[in-house]
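Engineer: below are the sequence and a predicted model; questions follow.
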Amino acid sequence: MKRKLSNMDLLPVTIDLTADEEKLFDFLLDVEKQNNCGLTLRVAGGWVRDKLLGRASDDIDIVLDNMTGVAFAELVNAYETQHGHKTHAVGVIKVSSAFSNRSHDSHKANPDQSKHLETATMQLGSGWVDFVNLRAETYADDEAHRIPSMVCTAPSPFVFISLRHQEFGTPLEDAQRRDFTINSLFYNLATKSVEDFTGQGLPDLQHGVIRTPLDPTITFLDDPLRVLRAIRFASRFRFPLADDLVAALEHRAIREALVKKVSRERVGKELGGMLTGSHANPMVALTSLHRFHLDEVVFQLPTGPFFTLHPPLEAAIPPHWTDTSMACVQALHATTADGIEVTNNEATSHRLKLRWLAAVLLPLAEYSIVLKKKHVPVAHAIVRESIKVLCVQQAVCLLLNQCRRFVAANAPFDRVQVGLVLRDVGALWPLAVDMAYLVEVVLQHSDVEQTREKYAALSAYVVDVGLDRVWEMKPLLNGKDLMDALGVKPGPAVKAMHDAVILYQLEFPSAPRDDVLRHVRSLQSSST
């Protein structure tokens, strides 16, 4: 439910501070007062937005109107020293106007030009605080719209990022350079009021609109990553996109800029924010990506000299595979939207991310490429190269490979058959059930209700017959036991008997060790 904001004109809007926030802000004001810097301290961006929406936030960015972040961080530590307190480690991000060349082979920084462009980060109390000066931006004619190729997180050593030329700015100039009006608000620590220098931030927050402070086409060509941020914020807050922003998103040039100017790591990070985290709405986000043909950019098919397509992807993959992908997303959403949950464990963001990524990439499960003379699933290459979410690449491929074994299972279910699949997919088996459901409903066009009943029954069967942790089952006879009992040497025979032990235990879960031993001896006798 949206929180209504009042006094939208030039009247100050107040924010309720927590005890920790009030203590922090009073401390920073004391630092400024003791040094008599003539400085106005403001919190900028997401913290102001979230507090006005009644949401907790620990993302505190302090902007300064007449000194750099590093200079103020030094004053903070000097203040602590004078009062007998411990100083704080300071991480610094230096931003340079020196640009990489067109082949992105060079990332040299210009210290003279970047001396006013430092962001300092330090831990104060229980959280991290960033300090940076207000900024204005100008562009060299031949280097306009260059975008940083990496993301830095605090604390950090001195890191240089290529970015456009920036200078000290006024609060208005700083507000106008921000991505969206709802992120352009300031909270003045001294006056304890919210400041809306664009005149658009508070109304847009009140009415729930994602809008850019300046022309959206210019804003997006400046930093095309803002295209994905627009979708992330719109889905998280359930805010519509402004009409002019929608029109800009439909320009092919915007999509091309996103491909050419934004690193895949930054793309993957924004995608992760759409799929997981506070108030994330993956269904809305993925639908928006598809609406504006951005899913083709985000989940970019592998290309380049290091990939040999097998078979040629242009011929093999349907040109509108993202339509099928969207159908998978919608079908997955329906399993929870109407109260029917196939998956019984979505407790972690890792699993949520894995679940949605597997659904998106399911239409590509049958395709592979040749990379360094090895066949690699296309889905694996997309996760690794296009969105750089390395923590899930193996799991995504595991789900896409194994889910079809559940498709082959039908009631009455076979304990051994189901158990073998579970031992391969492990604790991810509920997600494999999800993907199997999508294979049947979307790819094979099976009856939705009958398929739901099948997988609800399968999930219940797994629990009822005690298979829900079968991947932890240890064989009652290990390799040494088998070699001693059967008089065989290490090799394929031992592996075959080990597999036989697992099969027997799956079929007869209560069988004692002696029964298992008699079984493998009988198998050995029958094979000789």
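Structural biologist: Nice, thanks for sending it over. Residues are numbered from 1 along each chain as shown.
Engineer: now the strands for the stretch 401-528 of the chain?
Structural biologist: With DSSP state E, counting those that start in this stretch as the criterion, the stretch 401-528 of the chain has no strands.
Engineer: what do you get for the stretch 101-250 of the chain?
Structural biologist: Secondary structure of the stretch 101-250 of the chain by DSSP E, counting those that start in this stretch: the strands cover 118-124, 127-133, 135-137, 159-162, 166-168, 186-188, 193-195.
Engineer: and stretch 203-223, which residues are buried?
Structural biologist: Residues 203-206, 209-213, 216-217, 219-223 are the ones in stretch 203-223 that count as buried (16 or more other Cβ atoms under 10 Å). Placement of C-beta: from N, CA and C, glycine included.
Engineer: so where's the stretch 151-300 of the chain uncertain?
Structural biologist: Within the stretch 151-300 of the chain, the ranges that satisfy pLDDT under 70 run 151-167.
Engineer: close enough to count as contact, residue 494 and residue 488?
Structural biologist: Yes. Here residue 494 reaches residue 488: they are 6.1 Å apart, a contact under Cβ atoms under 8 Å.
Engineer: shared neighbours, those two?
Structural biologist: Here residue 494 and residue 488 share the contacting residues residue 482, scored by Cβ atoms under 8 Å, 6 or more residues apart in numbering.
Engineer: how does the chain divide into domains?
Structural biologist: As assigned by automatic domain parsing, the chain contains the domains 1-207, 209-275, 307-471, 475-527.
Engineer: lowest-pLDDT helix or strand in this structure?
Structural biologist: Lowest mean confidence among the helices and strands of the chain (mean pLDDT, DSSP states H and E): strand 159-162, at a mean of 34.
Engineer: so where's this structure uncertain?
Structural biologist: By pLDDT under 70, the low-scoring segments of the chain are 1-12, 95-117, 137-167, 304-315, 337-348, 528.
Engineer: quick one on the thing from earlier: now, of the domains of the chain, which is deepest in the fold?
Structural biologist: domain 209-275 (a mean of 20; mean count of other Cβ atoms under 10 Å).
Engineer: what sits against residue 296?
Structural biologist: With contact set as Cβ under 8 Å, 6+ apart, residue 296 has these partners: 255, 322.
Engineer: go again with 6 Å.
Structural biologist: Residues near residue 296 by Cβ atoms under 6 Å, 6 or more residues apart in numbering: residue 322.
Engineer: begin at 329, not 1, for the rest of this chat.
Structural biologist: Let's use 329 as the start, then, which means that last one is residue 624.
Engineer: mind telling me what element it is part of?
Structural biologist: Assigned by DSSP states H and E, residue 624 belongs to helix 623-626.
Engineer: may I see the buried residues of that helix?
Structural biologist: Using 16+ other Cβ under 10 Å as the test for burial, helix 623-626 gives 623, 624, 625, 626.
Engineer: can you put those in a markdown table and add distance to residue 777?
Structural biologist: A markdown table is the format used below for those (distance: Cβ to Cβ, whole Å):
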| residue | distance to residue 777 |
| --- | --- |
| 623 | 29 |
| 624 | 33 |
| 625 | 36 |
| 626 | 33 |
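Engineer: and the helices in the stretch 479-628 of the chain?
Structural biologist: Taking DSSP state H, counting those that start in this stretch as the test, the helices found in the stretch 479-628 of the chain are 499-504, 529-535, 544-550, 553-565, 571-577, 580-589, 592-603, 610-619, 623-626.
Engineer: and of the ones you listed, who's closest to residue 404?
Structural biologist: Across the helices of the stretch 479-628 of the chain, residue 404 has its closest neighbour in helix 499-504 (21.2 Å, Cβ to Cβ).
Engineer: now find how far off-centre that closest one is within its chain.
Structural biologist: 29 Å (Cα atoms, centre = their mean, to the nearest Å).
Engineer: what's that helix in contact with?
Structural biologist: Taking Cβ under 6 Å, 6+ apart as the rule, helix 499-504 contacts 462, 463, 464, 512, 525, 526, 541, 542.
Engineer: mind doing that once more with 7 Å?
Structural biologist: 391, 462, 463, 464, 512, 514, 523, 525, 526, 541, 542 (Cβ atoms under 7 Å, 6 or more residues apart in numbering).
Engineer: and if you look at stretch 814-827?
Structural biologist: Under Cβ under 7 Å, 6+ apart, the answer for stretch 814-827 is 803, 807, 810, 811, 848, 849, 852.
Engineer: isn't the fifth one right next to residue 828, touching?
Structural biologist: Yes. In terms of Cβ atoms under 7 Å, residue 848 counts as a neighbour of residue 828; the distance is 5.7 Å.
Engineer: give the contact list for residue 833.
Structural biologist: 801, 803, 804, 839, 844.
Engineer: restricted to helices, list those.
Structural biologist: Members of those lying in helices (criterion: DSSP state H): residue 844.
Engineer: would you format the contacts of residue 833 as TSV with distance to residue 606 included?
Structural biologist: Below are the contacts of residue 833 laid out as TSV (distance: Cβ to Cβ, whole Å):
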residue	distance to residue 606
801	38
803	44
804	47
839	49
844	50
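Engineer: pick the one among the contacts of helix 499-504 closest to residue 505.
Structural biologist: Nearest to residue 505 among those, with distances taken as Cβ to Cβ, is residue 463, at 6.1 Å.
Engineer: ok, that closest one to residue 544 distance?
Structural biologist: Distance, residue 463 to residue 544, using Cβ to Cβ, to the nearest Å: 20 Å.
Engineer: kindly report the same for residue 736.
Structural biologist: 49 Å.
Engineer: outside of stretch 509-525, which residues touch it?
Structural biologist: Contact with stretch 509-525 is made by 340-343, 353, 356-357, 368-374, 376-377, 380, 499-500, 503, 506, 526, 528-530, 532-533, 539, 541, as judged by Cβ under 7 Å, 6+ apart.
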